[in-house]
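Q: Next input, structure requested:
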Amino acid sequence: MINSQNMLEHPAVTAWMEVQPESRVPQRVELIEESDSSQMAVRLFGIGLGESNIIAKRSLPDITRIERLLYEEILPNLSLPTVHYYGTAHEKESELSWLFLEDVSGERYQPNNTEHRIAAAKWLGSMNTYTEHLAKSAQLPLRDTDHYMKLLRNSRKKIQSFRSNPGIDADKIQLLNVMETHYEDLDRIWEQFRVICNGNPNTLVHGDFISKNVAVRIIENRITILPFDWEKAGWGSPAEDISRVDIPTYWNRVQGSWPELSIGALNRLAAVGKVFRCAVYLDWISTQLEERTIEQSMYHLQRCKIWLTDLINSSPWQN
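A: Numbers count the residues shown, from 1 in each chain. Predicted structure coming up:
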């Protein structure tokens, strides 16, 4: 347990006292994640509303700017449950920023759970149609097909260079060969993805709508979705976000605002979104190749290979 004097010296607590100068010192500070000197997340105990806990996230200003924009200017305008935002502070001796948010407890989103998929489809449908024009004017980063192609090209280069690792045996080379074939297949059919996305509305996208970033709560006897960690949010196609929700429910929610959008078009968009999700996953894997063991890296690449084999072979966007 850190004593009160030392607690005040913690950078997260120092920043918090700038946001809430009348606040008491947290009961304790718990490190959640620290990926490098600029990225950190900690839990501050007992200083939120009703003595709840708070999550403090330290990031580069460009990353904090996106989340701050969402929490201050866009999400409060939604008639939907959202994470409580306490404020932002800048470190005096660095260019880093702290973001203070509600510590989101509860069950995490399970895409194989039908009730969760329906609730997520309703939440995203309402959010997407409301923010269609608002997000564009906010000058958020583009999340178009070019964005995902850039992720694929970056990961492809890193995975190709991974072949020179002396621990790569013949079986692993075979996996890398299959991945290279999949990259070529995606290059060949990418224009179809572009056509599908360009023919559908652009809006606010979360960009990392996965289980660890989406809480599930029961509010007034109904399941509701509470997304957080908006640091990868942008403006573009909702394809990636809707790739793991119930499409008929999403269609029912958006058709009043987007009457020209058929359920068939949405199914094709969701299929493309699965490819986009693989692109994000591959980008993450490729940045971890030097930090993980060869077996860990191969495990993640094998997962992507299976997903891409299924997606490319089924080709639902061609139907």
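
Q: When you work out contacts or count neighbours from here on, use the C-alpha atoms and nothing else.
A: Will do.

Q: Break this structure into its domains for me.
A: 4-102, 107-318 (automatic domain parsing).

Q: would you turn those domains into TSV with mean pLDDT and mean neighbour count?
A: Below are the domains of the chain laid out as TSV (pLDDT from 0 to 100; neighbours: other CA atoms under 10 Å):
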stretch	mean pLDDT	mean neighbour count
domain 4-102	87	17
domain 107-318	90	18
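
Q: so residue 81 touches residue 228, yeah?
A: No. With contact defined as CA atoms under 8 Å, residue 81 and residue 228 do not form a contacting pair (10.9 Å).

Q: what sits in contact with each of those two?
A: Common neighbours of residue 81 and residue 228, counting by CA atoms under 8 Å, 6 or more residues apart in numbering, are absent.

Q: For stretch 143-163, which outside residues touch it?
A: 173, 176, 180, 183, 193-194, 197, 205, 207, 234-237, 276, 279-280, 282-283, 285-287, 289.

Q: List the contacts of the residue lying closest to residue 227 once chain neighbours are set aside.
A: Nearest residue to residue 227 in three dimensions, chain neighbours excluded: residue 214, at 4.2 Å (CA to CA, 6 or more residues apart in numbering). Shown in contact with residue 214 (CA under 8 Å, 6+ apart): 108-109, 225-228.

Q: Same check on residue 278?
A: Applying CA under 8 Å, 6+ apart, we find residue 278 in contact with 304, 307-308.

Q: mind listing what residue 41 touches?
A: Per CA under 8 Å, 6+ apart, neighbours of residue 41: 31-34, 55-58.

Q: of all the residues you listed, which two lie farthest apart?
A: The distance between the two most remote of these (CA to CA) is 13.2 Å, for 34 and 55.

Q: Report all helices and strands that the host helix or strand of residue 16 contacts.
A: If you go by DSSP states H and E, residue 16 is part of helix 11-19. The contact analysis (3 or more CA pairs under 8 Å, 6 or more residues apart in numbering; DSSP states H and E) places helix 11-19 against strand 85-90, strand 97-102.

Q: Following the chain past the last one, name the next helix or strand.
A: Taking DSSP H and E as the definition, the helix or strand that follows strand 97-102 towards the C-terminus is strand 107-108.

Q: what's the offset of that next one from the middle of its chain?
A: Distance of strand 107-108 from its chain centroid, counting by CA atoms, centre = their mean, to the nearest Å, is 16 Å.

Q: can you check stretch 81-89 too?
A: On the basis of CA atoms, centre = their mean, stretch 81-89 is displaced by 17 Å from the centre of the chain it belongs to.

Q: Stretch 30-38 now?
A: 18 Å.

Q: Quick one: residues in contact with that stretch.
A: Stretch 30-38 is contacted by residues 39-44, 58-60, 96 when judged by CA under 8 Å, 6+ apart.

Q: Of those, which pair is most distant in space?
A: Greatest spatial distance in those: 44 and 60, 20.2 Å, computed using CA to CA.
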